[in-house]
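[1] this one's structure only:
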C-alpha cells in the first residue's frame, strides 16, 4: 500500500500536471474533454483504451488524483520506470496471465480511499472496436465497494493507431459516460455490471467516422499496418503483407490498396475498413483450425531473430535465448543458440499455455501452466497476433 508521504507527493504531481501540462498535451493530440462532476472518493474509473498516453488524457477530466493499472513492462524500461514509479506508482498488471495480485491491490487501494483507473479491455484495439469485457470486471467492481465511473474516448484509434507510428492530426474527445453509486451497484449482478461497462465504453471507430467524418493527417498513414493484418484476402497466405507510406500490398499475389486520411481503403477493394479485414482474418484462422486445414507436420508460420525472456514477479528478466519461433504440431516451438554452441529447442504445447496477450505493437507475452511468464520480442517479428489466434482456437 502507498504510504501517506508518497501519496501526498503523488497528489502534488497530479495537481501540477493537471494545471501546467494539460494545454500542451491536449494540443499535441488535438484533444478535448469534459471535466467530471464532483464525485466522492473512492471511485473506480473504467475506460476504453486506444492511446499510450490515455492515463494523462483521461486524467484531465478528473481534478482528483488517481492510480492507474498499467502493463508490468512499464517497470522494465530503465530510468523511465524509476520516474513513473516516483511520480505516479502505477499498479503493475502482468499481461498474458491471470494476475490476482494486481486485482487485490486495486481493491486495497479503493478500500483505503484511493481512486483507481483501469482499462477493462486490457489492450489497445487493433481494429477500431473496443475489445471484449469479461465478467472479471464485474466481480472487481462488486468486490471494490466503490463508486463506478465509466469513461469513453473517441478518435484515439485514428490519432495513434496501435499498429502505426507517430501522431495523426485529427480530433480526440473524452467524457464521463455514467456514474454508478455503491447502492445502485449492490442491486446489480456481476453480469449486469459487466454488460453496462461494455455498453458504456464501447466505441466503433469506423461507425464514428461514417457519422462524423474527420481527416487524420499523417505522412505514413499505412506504414506498418501489417502489424495488425497478417492474412492476404486474395491468396490467403500468412505474413505475405507489406506496407509503404500509403499502401498495403501482398508480396505473393500483388494484391494492393491504399488507405486514405479518413482511414478507409480504396472504393473498389474487397474491404472498406480495417475492422472488416480484421474480421475476415480472425474467421480465416478459426475455420482453418476447426476444420484442420493446417497440416500438423508442417510449419504454419515462423519468425526469425526472436528473443524470449522469462519475466519474474519482481520485474527481473532472464534471457532464455535468441532464435527462431514457429508453430507446428500443436506447439509453439523455439529453437535458439548461436552457431558455435549446440542449438536448444523449447516446446510450448498450446494446451499448456494458460494465458496469452500482446503489449505494445508486437511483443508477445504468455504464461504456461506452471506459472512461468515469457516475453517474445524481435525486430523482424512484425505480426504476433497469429500466435494469439492459434491459442484462442486451438485450446477450444
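    Right, received. Where do you want to start? Just so it is clear, the model here is predicted, and its values are computed rather than measured.
[2] what residues does the helix or strand where residue 280 lies touch?
    In this structure, residue 280 sits in helix 274-290 according to DSSP states H and E. Contact partners of helix 274-290, identified using CB atoms under 8 Å, 6 or more residues apart in numbering, comprise 126-129, 204-206, 225, 228-231, 233, 236, 259, 263, 265, 271, 293-294, 386, 389-390, 393-394. C-beta here means a position set from N, CA and C on the backbone, and glycine is covered the same way.
[3] What subset of those is buried?
    Neighbour-count burial (16 or more other CB atoms under 10 Å) applied to the contacts of helix 274-290 gives 126-129, 204-206, 225, 228-231, 233, 259, 263, 265, 271, 294, 386, 389-390, 393-394.
[4] by contact count, what packs against the helix or strand bottoming out on mean pLDDT in the chain?
    The least trusted helix or strand in the chain, going by mean pLDDT, DSSP states H and E, turns out to be strand 91-93, with a mean of 89. Counting by 3 or more CB pairs under 8 Å, 6 or more residues apart in numbering; DSSP states H and E, the packing neighbours recorded for strand 91-93 are strand 67-71, helix 100-111, strand 116-118.
[5] so which of these is the most packed in?
    Mean neighbours per residue, mean count of other CB atoms under 10 Å, is largest over the helices and strands packed on strand 91-93 for strand 116-118, with a mean of 23.
[6] Relative to that strand, what are the paired strands and their orientations?
    strand 43-47 (parallel), strand 67-71 (parallel) (DSSP bridges).
[7] Quick check: which ranges of the stretch 251-396 of the chain have low pLDDT?
    The stretch 251-396 of the chain contains residues with pLDDT under 70 at 339-341, 395-396.
[8] Okay, helices next: where are they in the stretch 201-350 of the chain?
    205-211, 274-290 (DSSP state H, counting those that start in this stretch).
[9] quick one on the thing from earlier: would you turn the helices and strands packed on strand 91-93 into a markdown table with distance to residue 149 and mean pLDDT?
    A markdown table is the format used below for the helices and strands packed on strand 91-93 (distance: least, CB to CB, whole Å; pLDDT from 0 to 100):
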| stretch | distance to residue 149 | mean pLDDT |
| --- | --- | --- |
| strand 67-71 | 14 | 92 |
| helix 100-111 | 12 | 92 |
| strand 116-118 | 9 | 97 |
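[10] about what we covered before: out of the contacts of helix 274-290, list just those in strands.
    Using DSSP state E, no member of the contacts of helix 274-290 falls within strands.
[11] want to try a markdown table for the helices and strands packed on strand 91-93, with distance to residue 43 as columns?
    Shown next, in a markdown table, are these (distance: least, CB to CB, whole Å):
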| stretch | distance to residue 43 |
| --- | --- |
| strand 67-71 | 12 |
| helix 100-111 | 8 |
| strand 116-118 | 8 |
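[12] To residue 146, which of the ones you listed lies closest?
    helix 100-111 (4.3 Å; CB to CB).
[13] What helices and strands are in contact with the closest one?
    Secondary elements touching helix 100-111 (3+ CB pairs under 8 Å, 6+ apart): strand 67-71, strand 91-93, strand 116-118, helix 135-144.
[14] What angle do strand 43-47 and that helix make with each other?
    130 degrees (axes from the mean of the first three to the mean of the last three CA atoms, to 10 degrees).
[15] what's the angle between helix 100-111 and helix 135-144?
    Using the same axes, to 10 degrees: helix 100-111 against helix 135-144 is 40 degrees.
[16] ok, and what's touching helix 100-111?
    Counting by CB under 8 Å, 6+ apart, 1-2, 42, 44, 67, 69, 91-94, 116, 118, 136, 140, 143-146, 313 sit against helix 100-111.
[17] What subset of these is buried?
    Among these, those classed as buried by 16+ other CB under 10 Å are 2, 42, 44, 67, 69, 91-94, 116, 118, 140, 144, 146.
[18] Redo the helices and strands packed on helix 100-111 as a markdown table? Include distance to residue 368.
    Listed next are these as a markdown table, based on distance: least, CB to CB, whole Å:
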| stretch | distance to residue 368 |
| --- | --- |
| strand 67-71 | 19 |
| strand 91-93 | 18 |
| strand 116-118 | 25 |
| helix 135-144 | 20 |
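[19] TSV please, covering the helices of the stretch 201-350 of the chain and showing distance to residue 185.
    TSV is the format used below for these (distance: least, CB to CB, whole Å):
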stretch	distance to residue 185
helix 205-211	29
helix 274-290	32
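[20] pretty sure residue 262 is touching residue 216, no?
    Yes - counting by CB atoms under 8 Å, residue 262 touches residue 216, with 7.4 Å between them.
[21] Now for the nearest residue to residue 266 once chain neighbours are set aside: which residues touch it?
    Using CB to CB, 6 or more residues apart in numbering and skipping the chain neighbours, the partner closest in space to residue 266 is residue 257 (4.7 Å). By CB under 8 Å, 6+ apart, the contact set of residue 257 is 247, 248, 249, 265, 266, 269.
[22] rewinding a little: between the helices and strands packed on strand 91-93, which one is nearest to residue 38?
    strand 116-118 (17.1 Å).
[23] So what touches that closest one?
    So strand 116-118 is contacted by 42, 44-47, 55, 58-59, 66-69, 91, 93, 106, 109-110, 146, 151 (CB under 8 Å, 6+ apart).
[24] Low-confidence regions, the stretch 51-200 of the chain specifically.
    Ranges of the stretch 51-200 of the chain meeting pLDDT under 70: 95-99.
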